[in-house]
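Q: Task: produce atomic coordinates for the following.
(one chain, ligands or ions: 1)
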Amino acid sequence: MKKLVVYWFRNDLRVEDNPALNAACAYAQHTGAQLLPLFCHTSAQGTLHVEQTQWGFARLSAHRRYFLRDSLLDLREQLQQFGFELMELEGELSAQSAFLAALAQTYTLQTIFCEDIAAPEERAQVDAVRALKIDVQAVWQSTMYDPTSFDFDIAQMPDQFTAFRHKIEHAAYPIRQVVTCALSASFALRDATLEKFSVHLSKQSQTQLDALDDVDTQVMHDIHDVRSSFPYFLPEFRGGSRAAHAHLKNYYSSDLPHSYKQTRNQLQGTRFSTKFSPWLASGALSAPQVMAALREFEAEKGQSDSTYWIWFELLWRDYFRYLHCKYGVRLYRASGLSKLPVDLPAFDAQKFQAWTQSMTGESLIDAAMRELTSTGYLSNRLRQQVISYWLHELGGDWRVAAAWFESQLLDYDVYSNQGNCLYLAGFGTDPRGYLGGRWFDPKKQAKQHDADGSYRTLWNSR
Ligand SMILES: Cc1cc2nc3c(=O)[nH]c(=O)nc-3n(C[C@H](O)[C@H](O)[C@H](O)COP(=O)(O)OP(=O)(O)OC[C@H]3O[C@@H](n4cnc5c(N)ncnc54)[C@H](O)[C@@H]3O)c2cc1C
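A: Residues are numbered from 1 along each chain as shown. Next comes the predicted model:
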């Protein structure tokens, strides 16, 4: 029987700077195995495309589905250049298990390599594969730093961001080195028997998917919204590594990194912040790649408060990842890290509808929520404000807001979303958390950040 190694792509849809993929390549080369690249759309309820939250909305908006589709297309083409064919699985987790079990019977399935994701659902996916007695090597790679280079155990990291940052800055740990792709056509799996493994969706899921594809076509027609701050329907903002690297190059060829700190709290446009997040979230771009480009920029054009601040914000991204390593499932309890029992409000469908459909009557909040649902992107400033409004003005449950963001955000990232939502709700690591979370006065915020009303006019006028 042929020896086989599977590389399971997750939130790392790239071939360059992918240490987990390189580990699979090294293993294949060393053992004489062939390598099969795989992506799974599977989830507990069926396929992620059709999954609903407990509050009755789709877990994946059309924006996210479209961006993912684009990212996978790009990955597929990159893999083809090395002679590999990406296999995509859809359906329930049981279908995924059936596929892997059948694979293990046909080949000598040595091991499955993948990116390690320290969130409960993602960990459960790996456990489900291990339950089939298949070896899974999950490699940590999504942060700027390699936590094994720290001289402290991640379980002992400081809870508060500032203390954590001081620790990192003081020790001047190195950013993980960018690695080049180790794929080689010599271990690409070429085997006609693979076709017999194509996994079919249940009839019902297939019908739902077809219906969604029609909706997507309609939505795509509607979402060519020129107001978008991340117009992912334009070539410059498409999903996948190629657009990501073109954007990275453009951004650092400009002087924008020197004004980042002054502009990052703005609300509208493609240039006020880096716009790296959707590519970082899908893994089309890695954090070390962003940092390598930042260091090159600094070497050529000098350091500034603003270039420092790009690193500072990326450190927040790292921080929420390490917090997951430290606290794991505790970040997913209704009370988060709070030691006190928490009585969360019951779901109020009317309030939820008002919030998500821009009918609160608070013009800045309505404008922001319209931008989010129309484009899948929202500035950091407005993310904070709409969450604050849901929690403090509408008295909502923070988990509903986190789920709505998960559904809508093109850059949805399990760590950053959960971490930021908990933080704002006061159940995370905010030192002011015990005062009930962060409250933003929408009128004051509108005056401060949209003094001339142009943002509200843009999003509320049609
Ligand atoms: C309630 C809430 C939910 C959020 N959910 C997500 C999410 O699902 N995915 C996501 O990538 N970001 C999330 N963020 C963080 C932040 O809003 C976005 O990363 C940022 O707006 C993306 O635009 P940008 O790439 O231009 O950011 P920039 O301002 O250019 O920042 C550069 C990079 O730093 C990182 N970053 C910046 N701010 C944060 C932050 N507060 N937390 C973690 N990382 C940060 C991102 O990777 C970002 O791409 C959330 C923030 C809030 C308040």
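Q: Can you give me the buried ones in stretch 21-29?
A: Buried residues in stretch 21-29, counted by 16 or more other Cβ atoms under 10 Å: 21-25, 27-28. To be clear about C-beta, it is placed using only N, CA and C from the backbone, and glycine gets the same treatment.
Q: wait, which of those residues is closest to residue 137?
A: Closest approach to residue 137 among those (Cβ to Cβ): residue 23, at 6.6 Å.
Q: Secondary structure class of the closest one, three-state.
A: helix (DSSP: H, G, I helix; E, B strand; the rest coil).
Q: for residue 326, what are its contacts?
A: Counting by Cβ atoms under 8 Å, 6 or more residues apart in numbering, residue 326 touches 154-155, 157.
Q: mind checking which helix or strand residue 416 is in?
A: Using DSSP states H and E, residue 416 maps to helix 414-425.
Q: Can you get me a residue count around residue 154?
A: Neighbour count for residue 154, taken as other Cβ atoms under 10 Å: 16.
Q: which residues touch it?
A: Residues in contact with residue 154 (Cβ under 8 Å, 6+ apart) are 147, 322, 325-326.
Q: What is the nearest of these to the ligand?
A: Of all the contacts of residue 154, the ligand sits closest to residue 322, with 11.9 Å by Cβ to the nearest ligand atom.
Q: just to confirm, which helix or strand has the closest one in it?
A: Using DSSP H and E, residue 322 falls in helix 305-327.
Q: Check which residues of the very next helix or strand once past that helix are buried.
A: Per DSSP H and E, helix 305-327 leads on to helix 349-356 as the next helix or strand towards the C-terminus. Under the neighbour-count criterion of 16+ other Cβ under 10 Å, helix 349-356 has 351-352, 354-356 buried.
Q: about what we covered before: now narrow the contacts of residue 154 to whatever sits close to the ligand.
A: When Cβ under 6 Å from any ligand atom is taken as the criterion, no member of those contacts the ligand.
Q: CSV please, covering those and showing pLDDT and distance to residue 420.
A: Formatted as CSV, the contacts of residue 154 follow (pLDDT from 0 to 100; distance: Cβ to Cβ, whole Å):
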residue, pLDDT, distance to residue 420
147, 96, 21
322, 98, 15
325, 97, 17
326, 97, 17
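Q: which one of the residues you listed has the most neighbours?
A: residue 322 leads these on contacts (other Cβ under 10 Å) with 20 neighbours.
Q: follow-up on the earlier one: and which of the buried residues of stretch 21-29 is nearest to the ligand?
A: residue 21 (21.1 Å).
Q: My impression was that residue 5 belongs to a helix - is that right?
A: No - counting by three-state DSSP, one finds residue 5 to be strand, located in no helix.
Q: just checking, it touches residue 36?
A: Yes - under the criterion of Cβ atoms under 8 Å, residue 5 makes contact with residue 36 at 7.4 Å.
Q: residues near residue 140, how many?
A: Residue 140: 18 surrounding residues under other Cβ under 10 Å.
Q: Can you tell me who residue 42 pairs with across the strands?
A: Beta-bridge partners recorded for residue 42 (DSSP bridges): residue 47.
Q: Any chance of the backbone angles for residue 37?
A: phi -80, psi 140 (degrees, to the nearest 10).
Q: what sits against it?
A: Contacts for residue 37 (Cβ under 8 Å, 6+ apart) come out as 6-7, 9, 79, 84-87.
Q: For it, name its beta-bridge partners.
A: Beta-bridge partners of residue 37, as defined by DSSP bridges: residue 7.
Q: Now do the end-to-end distance for stretch 338-358.
A: 31 Å (Cα to Cα, to the nearest Å).
Q: Name the surrounding residues that touch it.
A: 55, 57, 334-335, 359-360, 365-367, 369-370, 373, 386, 389-390, 394-400, 404, 426-427, 433, 460.
Q: Okay, and which of these map to helices?
A: Taking DSSP state H, the ones among the contacts of stretch 338-358 that sit in helices are 365-367, 369-370, 373, 386, 398-400, 404, 460.
Q: how long is stretch 150-161 end to end?
A: End-to-end distance (Cα to Cα), stretch 150-161: 16 Å.
Q: And for stretch 409-416?
A: 11 Å.
Q: can you tell me if that stretch touches the ligand.
A: Yes - judged by Cβ under 6 Å from any ligand atom, stretch 409-416 and the ligand are in contact via 409, 411-413, 416.
Q: Would you convert these into JSON lines that also reports pLDDT?
A: What follows is these, written out as JSON lines (pLDDT from 0 to 100):
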{"residue": "409", "pLDDT": "97"}
{"residue": "411", "pLDDT": "98"}
{"residue": "412", "pLDDT": "98"}
{"residue": "413", "pLDDT": "98"}
{"residue": "416", "pLDDT": "98"}
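Q: picking up where we left off before, what's the closest of the contacts of residue 154 to residue 226?
A: Using Cβ to Cβ, the shortest approach to residue 226 within these belongs to residue 322, at 38.8 Å.
Q: ok, residue 309 - contacts?
A: 260-261, 264.
Q: Please read the previous query as pertaining to residue 442.
A: Here residue 442 is in contact with 362, 364-365, 385, 388-389, 393 (Cβ under 8 Å, 6+ apart).
Q: List only buried entries from those.
A: If we count by 16+ other Cβ under 10 Å, the contacts of residue 442 have these buried: 362, 364-365, 385, 388-389, 393.
Q: helix or strand right after the worst-scoring helix or strand of the chain on mean pLDDT?
A: Using mean pLDDT, DSSP states H and E, the weakest-scoring helix or strand in the chain turns out to be helix 203-222, at a mean of 56. Sequence-wise, the next helix or strand downstream of helix 203-222 (DSSP H and E) is helix 241-253.
Q: what does that following helix rub up against?
A: Contacts of helix 241-253 with the rest of the structure, by Cβ under 8 Å, 6+ apart, involve 13-16, 74-75, 78, 235-237, 257, 274-276, 279, 284-285, 289-290, 293-294, 296-297.
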